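Chemist: okay, structure incoming, though there's no sequence with it:
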């Protein structure tokens with residue numbers, strides 16, 4: 001592995017950036033000159049903030065403003081934006097302790113701060129990935145990212161023009177150029193993985209429902225080829241858009257499609273494809289809310305969807321689609337383009353301020369090999385902040401690739417105003433909360449854990465929404481949260497600690513100091529990760545972790561913690577126990593003396609979840625305590641749903657906090 005010092009020395013001379021005509025300066029970035037104890041950089045304490053709403057702006061405008069925010073806030077945090085109608089960003093604003101000036105027009109701030117930038121890096125609208133290269137350059141050149149039109153409108157000099165520089169069809173060449181020419185000048189203490197574009201729903205689109213599965217079907221038992229008549233859409237525009245959704249989005253088993261064939265005027269085939277193949281590409285209008293499964297199927301769950309576009313010839317009178325579809329499908333059609341594509345603007349303030357390299361490489365095939373090369377150029381425990389493409393498959397593949405190179409993932413692609421939040425001082429108690437006492441009896445002890453806490457954007461947004469629910473605190477709940485917030489959002493972490501009730505316990509999200517699969521880490525690097533985790537756990541007063549590990553070779557389950565992994569945690573962290581992602585709830589082990597229990601994840605809301613628990617304990621004879629770690633879906637459940645579940649659970653269940661749960665489990669083990 002190439003050392004960070006070697007890379008910094010190699011970048012000592014000025015470099016003409018691959019024919020762009022700019023000299024990249026030497027840099028001493030905040031992440032490498034700051035306190036040695038920090039993993040993620042801070043840019044100082046905010047004293048006064050110019051605040052504006054950007055929620056209604058186009059992605060190009062938000063991109064301009066967030067990269068401006070990165071340049072400005074690197075020197076001292078002064079810009080803060082509200083990004084969505086839910087105004088979560090404004091709820092966090094008072095906790096910054098800064099004085100505030102509100103501005104009616106966010107774009108007016110470009111002129112106010114134009115003098116602090118060197119100008120603009122022009123991205124190429126025809127090459128989506130140029131947005132990421134432009135962001136990397138913006139950090140190195142103290143510039144903003146803009147279109148040519150924006151540069152003229154805001155009187156920004158052109159620092160570099162990426163138009164025509166890259167081929168939209170050759171993603172590998174684009175990021176190879178960046179790795180060769182820009183990475184030697186970037187910080188090597190942080191990598192940023194951000195999608196170059198986002199898909200935005202168009203307003204006023206009217207959909208006609210075609211078909212709906214009303215039953216809860218999760219086992220493909222309703223799979224069949226169904227024929228949908230789309231002739232009614234032929235008179236409404238130049239194309240027909242067919243959308244697949246989850247008809248029952250609360251439990252995550254939505255539409256799954258195995259094949260599509262479109263015929264016109266009585267039998268002429270105009271499209272025929274299997275999902276995930278090149279034949280699908282011309283017709284997949286928007287697949288961003290879906291994944292390709294192991295059985296050559298495309299599926300979407302919860303609030304996700306995918307849309308196909310078919311453009312029959314003029315004069316076509318009849319159009320039908322045969323679709324192999326199953327599970328909880330909702331199918332609808334329209335003649336209006338339902339989405340548009342814009343630059344993805346989020347988290348770029350932090351990437352620019354840090355001078356991080358920004359990339360978006362799907363973790364499979366040739367792009368996965370290049371991602372391996374990127375990971376191999378940084379030291380162990382270097383964070384990769386952002387996310388991966390290809391939804392669930394991208395998550396598993398990307399996190400595993402990162403883990404094999406000793407890199408932990410910080411899900412952060414929707415983390416906003418990070419350059420401000422990282423510098424807000426807050427007292428975070430390092431004391432482990434007192435454990436509620438409980439008598440050990442022959443009961444079924446259930447501890448409920450809300451997932452997603454490794455995801456700092458979840459901690460900033462969705463978690464704040466459900467945490468503020470007035471029914472929180474009625475029953476014992478474990479809330480996963482990222483201990484890395486101590487660096488990148490200390491006031492956020494302090495808010496959750498200080499407002500927790502006696503029934504709320506914060507535990508570390510997967511799998512400690514960053515999302516990772518410990519079993520995939522190299523032997524030489526694993527202790528570095530668990531030592532980092534131990535440092536952050538002691539700093540934040542946490543002694544339980546919800547953890548992931550690699551999936552089995554067949555992809556149908558998870559590999560349990562082994563002696564090597566458990567011993568590393570035991571030697572380097574204060575953990576009293578681990579809840580491992582398992583779904584079936586049948587894991588119970590003590591590798592290297594560390595208590596590990598697999599979570600149980602029934603489907604559905606309260607009543608169905610209760611029924612799943614009852615079935616799960618059918619073999620229990622009541623002569624000894626039984627322990628069940630139950631998982632709670634953070635995106636679809638609320639504290640009210642959790643309280644409803646607990647109300648439905650009678651004898652023999654007893655719901656307890658995670659610390660009490662592990663204490664009772666240890667006592668039961670000693671008395672057995």
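Modeler: Thanks, I have it. None of these values were measured; they are calculated from a predicted model.

Chemist: isn't there a strand covering residue 464?
Modeler: No - in this structure, residue 464 is helix, not part of a strand, as judged by DSSP: H, G, I helix; E, B strand; the rest coil.

Chemist: for residue 495, see how far away it is.
Modeler: 8 Å (Cβ to Cβ, to the nearest Å). Bear in mind the C-beta positions are built from the backbone N, C-alpha and C, glycine included.

Chemist: what of residue 419?
Modeler: Going from residue 419 to residue 495 by Cβ to Cβ gives 19 Å.

Chemist: more neighbours: which of those two?
Modeler: Neighbours per residue, other Cβ atoms under 10 Å: of residue 419 and residue 495, the larger number sits with residue 419, 33 against 19.

Chemist: surely residue 421 meets residue 492?
Modeler: Yes - under the criterion of Cβ atoms under 8 Å, residue 421 makes contact with residue 492 at 6.5 Å.

Chemist: between the two, what contacts are shared?
Modeler: Applying Cβ atoms under 8 Å, 6 or more residues apart in numbering, one finds that residue 421 and residue 492 are jointly contacted by 92, 460.

Chemist: so for these two, which residue has more residues nearby?
Modeler: Between residue 421 and residue 492, counted using other Cβ under 10 Å, residue 421 has the larger neighbour count: 27 against 23.

Chemist: contact partners for the closest residue to that one other than its chain neighbours?
Modeler: Leaving aside its sequence neighbours, residue 421 sits nearest to residue 489 (Cβ to Cβ, 6 or more residues apart in numbering; 4.3 Å). Contact analysis of residue 489 by Cβ under 8 Å, 6+ apart lists 418, 421-422, 424, 456, 459-460.

Chemist: now intersect these with the helices, please.
Modeler: 418, 421, 456, 459-460 (DSSP state H).

Chemist: biggest separation within those, which pair?
Modeler: Across the ones in helices among the contacts of residue 489, the longest distance by Cβ to Cβ is 11.9 Å; it joins 418 and 459.

Chemist: compare those two and say which is more crowded by neighbours.
Modeler: The neighbour count for residue 418 versus residue 459, taken as other Cβ under 10 Å, is higher for residue 418 (31 against 28).

Chemist: so how far is residue 326 from that one?
Modeler: 41 Å.

Chemist: in the stretch 51-200 of the chain, which spans are helices?
Modeler: For the stretch 51-200 of the chain, applying DSSP state H, counting those that start in this stretch gives helices covering 59-75, 88-92, 108-113, 130-141, 148-153, 171-181.

Chemist: the fourth one vs helix 59-75, what angle?
Modeler: What it means is helix 130-141. Counting by axes from the mean of the first three to the mean of the last three Cα atoms, to 10 degrees, helix 130-141 points 20 degrees away from the direction of helix 59-75.

Chemist: list the buried residues in helix 130-141.
Modeler: 130-141 (16 or more other Cβ atoms under 10 Å).

Chemist: between those residues, which is closest to residue 203?
Modeler: Closest approach to residue 203 among the buried residues of helix 130-141 (Cβ to Cβ): residue 131, at 23.9 Å.

Chemist: find the nearest non-adjacent residue to that closest one, please.
Modeler: Nearest one to residue 131, counting by Cβ to Cβ, 6+ apart, is residue 196 at 4.2 Å.

Chemist: that neighbour and residue 345 touch, don't they?
Modeler: No - counting by Cβ under 8 Å, residue 196 does not reach residue 345; the two are 10.6 Å apart.

Chemist: what residues are shared contacts of the two?
Modeler: With Cβ under 8 Å, 6+ apart, residue 196 and residue 345 have no common neighbours.

Chemist: which of the two has more neighbours?
Modeler: residue 345 (28 against 23).

Chemist: residues touching the more buried one, list them.
Modeler: 59, 62-63, 65-66, 198.

Chemist: I'd like the distance between it and residue 148.
Modeler: Applying Cβ to Cβ to residue 345 and residue 148 gives a distance of 18 Å.

Chemist: turn the contacts of residue 489 into JSON lines, including pLDDT.
Modeler: As requested, those are arranged in JSON lines below (pLDDT from 0 to 100):
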{"residue": "418", "pLDDT": "98"}
{"residue": "421", "pLDDT": "98"}
{"residue": "422", "pLDDT": "98"}
{"residue": "424", "pLDDT": "98"}
{"residue": "456", "pLDDT": "98"}
{"residue": "459", "pLDDT": "98"}
{"residue": "460", "pLDDT": "98"}
